[in-house]
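**Student:** My questions are about this predicted structure, shown below with the sequence.
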There are 6 protein chains.
Amino acid sequence: MPVVIIHMLSGRSSEMKRKLIKKVTDAVVDSLNVKPESVRVIINEVDKENFAVAGLPIEEYRAKNGLSKVKSKNK
Amino acid sequence: MPVVIIHMLSGRSSEMKRKLIKKVTDAVVDSLNVKPESVRVIINEVDKENFAVAGLPIEEYRAKNGLSKVKSKNK
Amino acid sequence: MPVVIIHMLSGRSSEMKRKLIKKVTDAVVDSLNVKPESVRVIINEVDKENFAVAGLPIEEYRAKNGLSKVKSKNK
Amino acid sequence: MPVVIIHMLSGRSSEMKRKLIKKVTDAVVDSLNVKPESVRVIINEVDKENFAVAGLPIEEYRAKNGLSKVKSKNK
Amino acid sequence: MPVVIIHMLSGRSSEMKRKLIKKVTDAVVDSLNVKPESVRVIINEVDKENFAVAGLPIEEYRAKNGLSKVKSKNK
Amino acid sequence: MPVVIIHMLSGRSSEMKRKLIKKVTDAVVDSLNVKPESVRVIINEVDKENFAVAGLPIEEYRAKNGLSKVKSKNK
């Protein structure tokens, strides 16, 4: 009966979130050997100014440290 | 001092949420024998595409399994 | 498909927790008009030194303010 | 690697949230002696009708008990 | 910078939890195209009497409905 | 009425947690201009094997990357 809550930056496409839901559910089913219907996934989309690392909103933290996401320029 | 966080699909009426808050608080007060003022309830409204069962967004899961809510057609 | 997470002080009896689960579920079912099987309740039991009000662990806060729980001396 | 999730009423200014993020991160770093980069803060902004005390939405609870916030009239 | 919190029944082996952590992280990385180091996973292990479906502690719910887990008899 | 939930590795001393509670509460009060009694802090202590970064339990992640905590060898 696992409940998975994913806190992540808002702005991802519906398609990306569908993929996330499917892959995370499969990961839980495979690892814990439970039925797919028993797994719930809740995505909590967080605005950029509400997500912080090292005391800075995420965008400032990335700018300050010259960080970007992996490969493609997705949100 | 209980803190109750309710993750649920967005779209319910204010009236329905008021009723939920009242009833859940009463349930906690009655069961744990605590003062009403000590109970906090936080409703986290989740968009349909962010709430998933069995690897599918909730609406697809319901459509796929011919499921509906109880009785009336509330959200 | 509501998921209810209840953060509360540890130490309640199994019987008290069963009552809490039943009453909170009924409250959600009655208010949101959803099926009982769609409601999940998770109790997160918190040690007294990990639950704080006004910057003090709960027991010190109560002692400092001469507070006690409602009626009977439950935990 | 602390993760701090702050549930609070929506409506605060960006400036206020930046200050909150910075001060809470500093508090965690000072208390737990961890690196700032290891601390994540997530603000969950809650609508007034979704935040309840004593079975009432927060604004009604305050009105009923003649409560206001500290000093200035911020949200 | 996703933070994934997994609420699940306590009692799984360390090995099973390692597998869960790895697979869920990979699922998030693949779906959201983020760096592995940016993903945090927190497992919240819940005692059976603190995890409820349809108003009943999970074991009673399963017994009442003749339910078991998938395939093997893991916890 | 902020509710702050801090997910952190288990094993810190009571004294350290008291300091954390006090400092975080002060940070919230100062930033949001709210009354101390309105602030709740809940510490969720997480076992090392249940806290993961980059798909690895925290201790392995640190060992693999030659990471340690800040200055003193606190837990």
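**Tutor:** Ah, there it is.

**Student:** Give the bridge partners for A:V53, please.
**Tutor:** Residues in a beta bridge with A:V53, per DSSP bridges, are A:L56, D:R40.

**Student:** That one - how many residues pack around it?
**Tutor:** Around A:V53 there are 22 other residues, counting by other Cβ atoms under 10 Å in any protein chain shown. Heads up, the C-betas are built off the backbone N, CA and C, glycines and all.

**Student:** same question, A:E60
**Tutor:** A:E60 has 17 neighbouring residues, counting by other Cβ under 10 Å.

**Student:** Wait, a helix at it?
**Tutor:** Yes - assignment of A:E60 by DSSP: H, G, I helix; E, B strand; the rest coil places it within a helix.

**Student:** Low-confidence stretches in chain A?
**Tutor:** Scanning chain A for pLDDT under 70 picks out A:68-75.

**Student:** Helices along that one, start to end?
**Tutor:** Counting by DSSP state H, chain A has helices at residues A:14-32, A:58-64.

**Student:** Flag every buried residue along the last one.
**Tutor:** When you say that, I think you mean helix A:58-64. A:58, A:60-62 (16 or more other Cβ atoms under 10 Å in any protein chain shown).

**Student:** swap in stretch A:24-37?
**Tutor:** Buried positions in stretch A:24-37, judged by neighbour count with 16+ other Cβ under 10 Å: A:24-29, A:31-34, A:36.

**Student:** what would those look like in TSV with distance to chain D?
**Tutor:** Converted to TSV, those look like this (distance: Cβ to the nearest Cβ, whole Å):
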residue	distance to chain D
A:V24	18
A:T25	22
A:D26	25
A:A27	20
A:V28	20
A:V29	25
A:S31	21
A:L32	22
A:N33	28
A:V34	25
A:P36	27
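
**Student:** now, the most widely separated pair of these?
**Tutor:** A:V24 and A:N33 (15.9 Å; Cβ to Cβ).

**Student:** Would you confirm that A:K35 contacts A:V29?
**Tutor:** Yes - judged on Cβ atoms under 8 Å, A:K35 makes contact with A:V29 at a distance of 7.3 Å.

**Student:** give me the number of residues near the residue lying closest to A:V4 once chain neighbours are set aside?
**Tutor:** In this structure, A:V4 finds its nearest non-sequential neighbour in A:V41, 4.7 Å apart by Cβ to Cβ, 6 or more residues apart in numbering or on different chains. Residues within reach of A:V41, counting by other Cβ under 10 Å, total 27.

**Student:** check contacts around A:V41.
**Tutor:** The contact partners of A:V41, taken as Cβ atoms under 8 Å, 6 or more residues apart in numbering or on different chains, are A:4, A:6, A:20-21, A:24-25, B:51-52, B:55.

**Student:** Turn the residues you listed into TSV, columns for distance to B:M16.
**Tutor:** As requested, the contacts of A:V41 are exported to TSV (distance: Cβ to Cβ, whole Å):
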residue	distance to B:M16
A:V4	26
A:I6	26
A:L20	29
A:I21	26
A:V24	30
A:T25	29
B:F51	17
B:A52	23
B:G55	28
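
**Student:** nearest to chain C, of these?
**Tutor:** Nearest to chain C among the contacts of A:V41 is B:F51, at 6.3 Å by Cβ to the nearest Cβ.

**Student:** Which residue comes closest to that closest one once chain neighbours are left out?
**Tutor:** Once flanking residues are discounted, B:F51 sits nearest to B:I58: 4.7 Å by Cβ to Cβ, 6+ apart.

**Student:** does that neighbour really touch B:H7, like I thought?
**Tutor:** No - between B:I58 and B:H7 there is no contact under Cβ under 8 Å: 11.9 Å.

**Student:** what residues do these two have in common as contacts?
**Tutor:** Residues touching both B:I58 and B:H7 (Cβ under 8 Å, 6+ apart): B:F51.

**Student:** got a list of what A:E45 touches?
**Tutor:** Counting by Cβ under 8 Å, 6+ apart, A:E45 touches A:8-12, B:47, B:50.
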